[in-house]
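Visitor: Generate coordinates for the sequence data below:
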Amino acid sequence: MNISDSDVLENILEVRIAQLLINEEYKEGKFKIPIHLGFGHESISVAVSRIMQDNDKLILTHRNAAYNLARVRKLKPVLNEYLLKSEGMNGGKIGSMNLLNSELGVIYSSSILGNNFGVAVGVAMAERILDKSNITIILAGDGAIEEGSFHESLLMLKSLELSSLVIIENNEWSMSTRISERRHNIDLEKFSASMDIKYCKLSGNNPIEYIQKLKELRKESIEKNTPILIEVNVTTLGEWTLKNDENPDGKQINYHAGPTPGVNLENENIIIKNENIDPLYVIKKMNIIDIQNVGEIILKRFRDEMV
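Guide: The predicted structure follows:
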């Protein structure tokens with residue numbers, strides 16, 4: 001057994017279980033702020049965390065829970081921040097959508113859709129001026145690629161030859177609406193080609209494969225001084241029932257924020273969907289670790305932290 005692979009998969013379990021516990025607290029009404037959990041985003045968040053080297057910078061969006069949990073590998077600092085306690089990761093002053101951890105390279109998270117792209121250009125430019133051989137990683141969702149700042153920032157990253165990985169999580173939803181219901185498809189591969197930017201697509205939720213590919217792309221971006229656009233297929237697990245004048249009987253929609261009643265810790269079950277759209281199902285099939293036993297150990301550790 002590859003020990004490093006085992007540790008990666010344990011990190012995936014940590015992110016899932018931490019989010020499950022946060023979701024349970026959310027159901028009990030303990031938070032005064034909106035939180036965008038990332039069930040189904042565990043593989044890409046851990047993969048990004050694992051390729052980061054000293055001085056690499058990570059620029060996040062409002063759905064940053066999985067990424068911050070992957071970096072810190074603890075529940076208490078994040079949970080306390082969500083509870084707005086002084087013991088929180090940012091002293092209880094920032095909450096969830098702008099959560100950061102500068103010591104571990106998470107230097108900015110934006111609650112404004114597309115706002116982080118422009119910030120990332122400035123960060124990457126500063127790193128170039130300081131002559132650092134590192135990379136700036138930008139994370140956003142498919143809704144953000146409609147923003148003008150996405151187009152402008154990619155153009156600047158390319159024109160200024162700035163080493164960067166621009167990662168777009170495509171879950172095919174924008175809040176309560178499927179992307180296909182609200183706009184024409186944006187082909188990111190063709191869009192990248194129009195700017196002579198390399199494009200890569202990740203899917204399948206295998207974190208080991210993701211890490212290997214992202215390592216290669218990080219190296220290429222630094223050596224060639226160029227941005228690389230990466231599209232990741234994800235399914236944000238969990239669902240809501242939307243009731244309004246148009247849907248008086250309720251419409252099942254994808255999870256966006258808040259507690260999701262369809263996801264719980266009953267019977268200590270940490271797999272949400274027995275399909276490849278769930279990273280936990282994928283790592284279970286890999287047979288590298290016993291996710292049930294390891295999961296119980298992590299769950300106990302996190303519950304002890306909460307006490």
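Visitor: buried residues in the helix or strand hosting residue 23?
Guide: Per DSSP states H and E: residue 23 is located in helix 3-27. Under the neighbour-count criterion of 16 or more other CB atoms under 10 Å, helix 3-27 has 5, 8-23, 25-26 buried. Any C-beta I mention is one placed from the backbone N, CA and C, and that applies to glycine too.
Visitor: Can you name every helix or strand that it contacts?
Guide: Here helix 3-27 touches helix 42-51, helix 65-72, helix 76-82, helix 207-224, helix 279-286, helix 291-306, going by 3 or more CB pairs under 8 Å, 6 or more residues apart in numbering; DSSP states H and E.
Visitor: Alpha carbons of the first one, as PDB, please.
Guide: Translated: helix 42-51. Provided in PDB are the C-alpha atoms of helix 42-51 (Å, rounded to 0.1, in the frame of the first residue of the first chain):
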ATOM      1  CA  GLU A  42     -13.800  16.500  -1.900                       C
ATOM      2  CA  SER A  43     -11.600  15.000  -4.500                       C
ATOM      3  CA  ILE A  44     -10.700  18.200  -6.300                       C
ATOM      4  CA  SER A  45     -10.300  20.200  -3.100                       C
ATOM      5  CA  VAL A  46      -7.900  17.700  -1.600                       C
ATOM      6  CA  ALA A  47      -6.000  17.300  -4.900                       C
ATOM      7  CA  VAL A  48      -5.500  21.100  -5.100                       C
ATOM      8  CA  SER A  49      -4.300  21.200  -1.500                       C
ATOM      9  CA  ARG A  50      -1.800  18.300  -2.200                       C
ATOM     10  CA  ILE A  51      -0.100  19.900  -5.200                       C
END
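Visitor: tell me which strands and helices it is in contact with?
Guide: Applying 3+ CB pairs under 8 Å, 6+ apart, one finds that helix 42-51 contacts helix 3-27, helix 65-72, strand 164-170, helix 207-224, helix 279-286.
Visitor: closest to residue 182 out of those?
Guide: strand 164-170 (14.4 Å; CB to CB).
Visitor: same for the closest one, what does it pack against?
Guide: Using 3+ CB pairs under 8 Å, 6+ apart, strand 164-170 sits against helix 42-51, helix 115-129, strand 136-141, helix 148-159, helix 207-224, strand 227-233.
Visitor: neighbouring strands for it, and are they parallel or not?
Guide: strand 136-141 (parallel), strand 227-233 (parallel) (DSSP bridges).
Visitor: what's in contact with the last one?
Guide: Applying CB atoms under 8 Å, 6 or more residues apart in numbering, the set of residues contacting strand 227-233 from outside is 44, 154, 157-158, 162-170, 188-189, 191-192, 197-204, 214, 217, 220-221.
Visitor: One more: the shortest one?
Guide: Defining contact as CB under 8 Å, 6+ apart, one finds that strand 136-141 is touched by 48, 52, 56-61, 63-64, 67, 114, 116-117, 120, 123-124, 127, 150, 153, 162-171, 174.
Visitor: I'd assumed residue 210 was in contact with residue 41.
Guide: No. With contact defined as CB atoms under 8 Å, residue 41 does not count as touching residue 210 (11.6 Å).
Visitor: Settle it for me: which of these two has more neighbours?
Guide: The neighbour comparison of residue 41 against residue 210 (other CB atoms under 10 Å) goes to residue 41, with 29 against 25.
Visitor: Can you give me every residue that contacts the more buried one?
Guide: Contacts here follow CB under 8 Å, 6+ apart; on that basis residue 41 touches 63, 66, 169, 234, 236.
Visitor: looking at those residues, which has the most residues close by?
Guide: Counting by other CB under 10 Å, top hit in the contacts of residue 41: residue 66 with 30 neighbours.
Visitor: so where is the stretch 151-300 of the chain shaky, pLDDT-wise?
Guide: For the stretch 151-300 of the chain, the stretches with pLDDT under 70 are 173-181, 240-243, 247, 249-255, 257, 266-268.
Visitor: run the last query once more with 90
Guide: Of all residues in the stretch 151-300 of the chain, those with pLDDT under 90 make up the ranges 171-186, 235-269, 272.
Visitor: So the residue nearest to residue 188 when sequence neighbours are not counted versus residue 222, what's the distance?
Guide: In space, and not counting its chain neighbours, residue 188 is closest to residue 231: 5.0 Å by CB to CB, 6 or more residues apart in numbering. As for residue 231, its distance to residue 222 is 21 Å (criterion: CB to CB, to the nearest Å).
Visitor: So for those two, which sits in the more crowded spot?
Guide: Legend: neighbour count by other CB under 10 Å for residue 231 and residue 222, higher for residue 231 (20 against 17).
Visitor: which one among the contacts of residue 41 gets closest to residue 303?
Guide: For these, the nearest to residue 303 is residue 66 (19.6 Å; CB to CB).
Visitor: I'm done for today, thanks for sticking with me.
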